[in-house]
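Asks: Let's see this in three dimensions:
(one chain, ligands or ions: 1)
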Amino acid sequence: MSGQLVCVEGLLGKHVPAEDLSEVWRILYGKELRKLDLPSSAVNAASQENFEIKGCVFEAALEQLRRPRTVRVGLIQNKIQLPTTSPVAEQVNALHRRIAEIVDVAAMCDVNIICFQEAWTMPFAFCTRERLPWTEFAESAENGATTKFCQELAKKHNMVIASPILERDESHGDTLWNTAVVISNTGAVLGKTRKNHIPRVGDFNESTYYMEGNTGHRVFQTAFGRIAVNICYGRHHPLNWLMYSINGAEIIFNPSATIGELSESLWPIEARNAAIANHCFTCAINRVGTEHFENEFTSGDGKKAHHDFGHFYGSSYVSAPDGSRTPGLSRVSEGLLIAEMDLNLCRQTCDKWNFKMTGRYEMYAEELARAVRPDFQADIVRE
Ligand SMILES: NC(=O)NCCC(=O)O
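Replies: Below you'll find the predicted structure:
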């Protein structure tokens with residue numbers, strides 16, 4: 001079944017009677033979004049280069065004192081381009097070429113900020129638990145080939161780029177991290193942020209390679225708004241989203257690599273819920289395809305050894321603070337999703353629902369401070 005169904009929203013459109021569709025849509029997905037008019041040059045280029053392109057608009061009410069703060073955000077989901085047995089440099093170069101093609105199309109659509117999927121320059125090889133050649137994909141966040149490549153793209157297109165890579169930290173004993181590098185539209189490296197929560201589930205053997213990040217919940221002030229990057233497994237941790245939001249993030253990207261059997265039913269809920277709970281936009285990005293590895297590996301579950309991880313189901317989407325969301329990109333093909341958003345919607349939703357005001361953070365801060373003490377006793381009343 002995995003890999004067959006292209007898109008759940010497409011099925012709804014096909015099978016729900018036309019007279020019921022908009023009500024079904026409103027209940028499941030929130031207020032219906034206007035489609036973004038994309039230039040035909042971009043649509044043609046996407047079709048020639050064989051990737052899906054979709055665009056939606058999140059509107060906000062007009063205010064008297066603030067102008068609309070309209071920004072276009074792009075999300076790219078892609079496959080690996082070469083077999084995992086190809087030389088490392090060739091695999092990376094092929095991915096650079098593919099991303100450059102898609103970013104060129106994003107630029108035709110006036111995208112201001114773009115984010116790629118988790119560890120986008122490599123196969124998601126952590127399932128294998130092998131070191132070589134996979135650790136050779138790690139690069140310096142500050143001056144590695146991928147960062148230089150992104151700096152050129154950012155300058156060329158006046159675009160902020162969030163580039164999640166496997167980082168080799170030469171200043172700290174050559175250690176590895178799972179890192180997103182944020183590059184300003186000027187081409188300067190604005191900074192980096194590391195994955196805070198590392199999975200210990202299924203074949204996601206990432207803790208074999210790197211540790212939980214040490215960069216906290218930093219937020220990047222860009223020319224187009226304040227952004228943060230909550231990498232993959234971090235999306236299961238509500239406090240992680242909360243802290244990016246407390247530091248002022250208006251858009252939180254969630255570059256991911258995850259497979260159908262494990263997480264597909266959680267996928268549409270978690271980033272969307274985070275947008276609602278934190279009065280911000282969230283952008284969930286997942287890779288697509290099935291990646292085959294030469295040496296079979298086991299999953300510690302008594303089942304037979306295998307050569308692949310399962311199907312990465314794509315389905316990248318954007319959610320707004322009012323709970324509305326875009327349809328997902330395809331479950332099976334590469335794609336570019338563009339969301340035009342008025343960032344004024346963040347404060348407008350905050351003023352309506354007041355979660356920041358009613359959140360009782362001081363109460364939770366005290367309770368959590370007690371709960372993490374070694375002498376903590378749970379507060380349970382018994383008969
Ligand atoms: N890459 C990663 O953290 N995957 C973990 C699985 C998931 O969070 O769905």
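Asks: if you skip the residues just before and after it, what's nearest to Thr70?
Replies: Asp342 (5.3 Å; CB to CB, 6 or more residues apart in numbering). The way it works is simple: take the backbone N, C-alpha and C, and place the C-beta from them, glycine included.
Asks: for Ile231, same thing?
Replies: Nearest non-adjacent residue to Ile231 (CB to CB, 6+ apart): Lys195, at 3.8 Å.
Asks: same check, this time on Ile276
Replies: Gly323 (4.9 Å).
Asks: can you pull out the strands in the stretch 251-383 of the chain?
Replies: 251-256, 281-286, 288-297, 306-313, 317-319, 335-342 (DSSP state E, counting those that start in this stretch).
Asks: Would you tell me which of those strands gets closest to the ligand?
Replies: Judged by CB to the nearest ligand atom, the one of the strands of the stretch 251-383 of the chain that comes nearest to the ligand is strand 251-256, at 5.9 Å.
Asks: Tell me where the chain has helices.
Replies: 8-15, 18-29, 40-48, 88-108, 145-157, 238-246, 260-263, 267-278, 344-353, 355-358, 361-371 (DSSP state H).
Asks: Redo the ones you listed as TSV? Include mean pLDDT and mean neighbour count.
Replies: Shown next, in TSV, are these (pLDDT from 0 to 100; neighbours: other CB atoms under 10 Å):
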stretch	mean pLDDT	mean neighbour count
helix 8-15	91	13
helix 18-29	94	12
helix 40-48	98	14
helix 88-108	98	19
helix 145-157	98	19
helix 238-246	98	20
helix 260-263	92	17
helix 267-278	98	21
helix 344-353	98	18
helix 355-358	97	12
helix 361-371	98	11
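Asks: Kindly present those as a markdown table, with separate columns for distance to Cys115.
Replies: As requested, these are exported to a markdown table (distance: least, CB to CB, whole Å):
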| stretch | distance to Cys115 |
| --- | --- |
| helix 8-15 | 21 |
| helix 18-29 | 21 |
| helix 40-48 | 18 |
| helix 88-108 | 11 |
| helix 145-157 | 11 |
| helix 238-246 | 14 |
| helix 260-263 | 19 |
| helix 267-278 | 12 |
| helix 344-353 | 18 |
| helix 355-358 | 25 |
| helix 361-371 | 28 |
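Asks: out of the ones you listed, nearest to the ligand?
Replies: helix 260-263 (3.6 Å).
Asks: ok, back up a step: was I right to think the residue nearest to Ile231 contacts His237?
Replies: No: using CB atoms under 8 Å, Lys195 is not in contact with His237; the gap is 11.1 Å.
Asks: So between the two, which is more surrounded?
Replies: Lys195 (28 against 15; other CB atoms under 10 Å).
Asks: before we move on, back to that, dump the strands of the stretch 251-383 of the chain to a markdown table, plus distance to the ligand, mean neighbour count and mean pLDDT.
Replies: A markdown table is the format used below for those (distance: least, CB to the nearest ligand atom, whole Å; neighbours: other CB atoms under 10 Å; pLDDT from 0 to 100):
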| stretch | distance to the ligand | mean neighbour count | mean pLDDT |
| --- | --- | --- | --- |
| strand 251-256 | 6 | 29 | 99 |
| strand 281-286 | 9 | 29 | 98 |
| strand 288-297 | 13 | 16 | 97 |
| strand 306-313 | 10 | 20 | 96 |
| strand 317-319 | 15 | 28 | 98 |
| strand 335-342 | 19 | 24 | 98 |
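Asks: Send me stretch 79-87 as PDB with only the CA atoms.
Replies: Below are the C-alpha coordinates for stretch 79-87, written out as PDB (Å, rounded to 0.1, in the frame of the first residue of the first chain):
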ATOM      1  CA  LYS A  79      14.200  11.900  -3.600                       C
ATOM      2  CA  ILE A  80      17.800  10.900  -3.500                       C
ATOM      3  CA  GLN A  81      19.100  11.200  -7.100                       C
ATOM      4  CA  LEU A  82      21.600   8.400  -7.400                       C
ATOM      5  CA  PRO A  83      21.800   4.900  -6.000                       C
ATOM      6  CA  THR A  84      23.300   4.900  -2.400                       C
ATOM      7  CA  THR A  85      26.200   2.900  -3.800                       C
ATOM      8  CA  SER A  86      27.400   5.800  -6.000                       C
ATOM      9  CA  PRO A  87      30.500   7.800  -4.900                       C
END
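Asks: and it, how far out from the chain's middle?
Replies: Remark: stretch 79-87 is offset 22 Å from the chain centroid, using CA atoms, centre = their mean, to the nearest Å.
Asks: So which bits of the stretch 151-300 of the chain are right by the ligand?
Replies: Pro199, Phe204, Cys232, Tyr233, Ser256, Ala257, Thr258, Leu262, Ser263 (CB under 6 Å from any ligand atom).
Asks: Considering the residues you listed, which is situated nearest to Cys56?
Replies: Nearest to Cys56, judged by CB to CB, of those is Ser256 at 19.8 Å.
Asks: quick one, what contacts the residue lying closest to Glu130 once chain neighbours are set aside?
Replies: Excluding its sequence neighbours, the residue lying closest to Glu130 (CB to CB, 6+ apart) is Asn295, at 6.8 Å. Neighbouring residues of Asn295 by CB atoms under 8 Å, 6 or more residues apart in numbering: Thr128, Glu130, His307.
Asks: Asn254 versus the residue in the stretch 1-150 of the chain positioned nearest to the ligand, what's the distance?
Replies: Using CB to the nearest ligand atom, Glu118 is the residue of the stretch 1-150 of the chain that sits closest to the ligand, at 5.6 Å. Per CB to CB, to the nearest Å, Glu118 is found 9 Å from Asn254.
Asks: shared neighbours, the two?
Replies: Contacts common to Glu118 and Asn254, judged by CB under 8 Å, 6+ apart, are Ile231, Cys232, Ile285.
Asks: Quick check: closest non-adjacent residue to Val111.
Replies: Leaving aside its sequence neighbours, Val111 sits nearest to Gly74 (CB to CB, 6+ apart; 3.9 Å).
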